[in-house]
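**Q** next comes the sequence, and after it the predicted model I'd like to discuss.
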Amino acid sequence: MEKQAHGQPAYPTLLSDRAIRVLITDEQTLIRTCLHQIVNLSPNLVVVGEAANADDAFRLIATCNPDVALLDLSMPGMNGMEMIGRFRAEYPRLPLLVHSQHQEQQYALRALNAGTLGYLTKDCAPSQLLEAIQRVAKGGRYVAPSLAAAMATAILPRKGETPHDGLSKREFQVFRMLASGTSINRIAAALSLSANTISTHKHRLMLKLGAANNAGLVRYAVKHRLVA
């Protein structure tokens, strides 16, 4: 197999004369079995490995040489974003397709921004799964239709509005506190919310306002004169 400069496998462009090799990950045996059966419905797809946890997934990568990794974000051993980050660091050219129980748009946006090429919910139709695998294997993107419209609405402001005009009252409150330098823990205490809830608000704010980090939120607030 072709190697990259840093010694990790470089996954070649798919050849039309061979099946797309799929690695399935999910902690539940029943779900892995169902996914395996669905993938086998397509004559140009083949399952080359199954993993029930993050450690098994990375162990199998080196031996089964997949063209696509189908990722469950709720496996034992590593949280979803950490797992995506490790995949991107160690196998940057391996297409990743998430299949998740989370149907909220923020989970899909986080996964796509972290480097995956697609996001499906576990209630998707078999035809959608097969289409998504084949699309991301060729370098394309795929988002579950049930999420695509909501994601576009969340990200794009309506005509004549600035991005912050679309924030909810709570989001705007959290945004101003973050832009003023208040820590997540202090915001959580002030608003009687959990730190995880504030972190979720922060991530959604970054997506909606096009900010990559805290400094980006501050710059946005200063530009629009939203903080003193």
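**A** Cool, the structure landed. In this text the structure is predicted, and so the values were computed from the model without any measurement.
**Q** in whichever strand or helix holds A215, what counts as buried?
**A** Secondary structure assigned from DSSP states H and E places A215 in helix 214-223. Across helix 214-223, burial judged by 16 or more other CB atoms under 10 Å covers L217, V218, Y220, A221. The way it works is simple: take the backbone N, C-alpha and C, and place the C-beta from them, glycine included.
**Q** turn these into CSV, including pLDDT and distance to L193.
**A** Formatted as CSV, the buried residues of helix 214-223 follow (pLDDT from 0 to 100; distance: CB to CB, whole Å):
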residue, pLDDT, distance to L193
L217, 88, 18
V218, 89, 21
Y220, 87, 22
A221, 87, 20
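**Q** give me the pLDDT value at E2.
**A** Looking at E2, its pLDDT reads 39.
**Q** actually G7, not the one I typed
**A** Predicted confidence (pLDDT) for G7: 38.
**Q** returning to what we had before: farthest pair in the buried residues of helix 214-223?
**A** Using CB to CB, the two most remote members of the buried residues of helix 214-223 are V218 and Y220, lying 7.3 Å apart.
**Q** residues that sit against both of the two, list them.
**A** A179 (CB atoms under 8 Å, 6 or more residues apart in numbering).
**Q** please give the element, helix or strand, for the nearest residue to L129 once chain neighbours are set aside.
**A** Leaving aside its chain neighbours, L129 sits nearest to I38 (5.7 Å; criterion: CB to CB, 6 or more residues apart in numbering). Assessed by DSSP H and E, I38 sits inside helix 29-39.
**Q** who's in contact with that helix?
**A** 22, 24-26, 45-47, 50, 52, 70, 72, 99, 122, 126, 129-130, 133.
**Q** just those residues: which are in strands?
**A** Under the assignment DSSP state E, the contacts of helix 29-39 contribute V22, I24, T25, L45, V46, V47, E50, L70, H99 to strands.
**Q** run through this structure and note the low-pLDDT ranges.
**A** 1-17, 149-161, 228 (pLDDT under 70).
**Q** residue ranges of the strands in it, please?
**A** 20-25, 45-51, 68-71, 96-100, 118-121, 142-143.
**Q** and among those strands, the most buried is which?
**A** Mean neighbour count, computed with mean count of other CB atoms under 10 Å, is highest for strand 68-71 among the strands of the chain, reaching a mean of 27.
**Q** distance between that one and the chain's centre?
**A** How far strand 68-71 lies from its chain's middle: 12 Å, per CA atoms, centre = their mean, to the nearest Å.
**Q** remind me what it packs against, helices and strands.
**A** Using 3 or more CB pairs under 8 Å, 6 or more residues apart in numbering; DSSP states H and E, the elements in contact with strand 68-71 are strand 20-25, helix 54-64, helix 80-90, strand 96-100, helix 126-137.
**Q** and these as CSV, adding distance to V174?
**A** CSV is the format used below for these (distance: least, CB to CB, whole Å):
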stretch, distance to V174
strand 20-25, 34
helix 54-64, 31
helix 80-90, 20
strand 96-100, 25
helix 126-137, 33
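**Q** quick one, which of these is nearest to A211?
**A** Of these, nearest to A211 by CB to CB is helix 80-90, at 17.6 Å.
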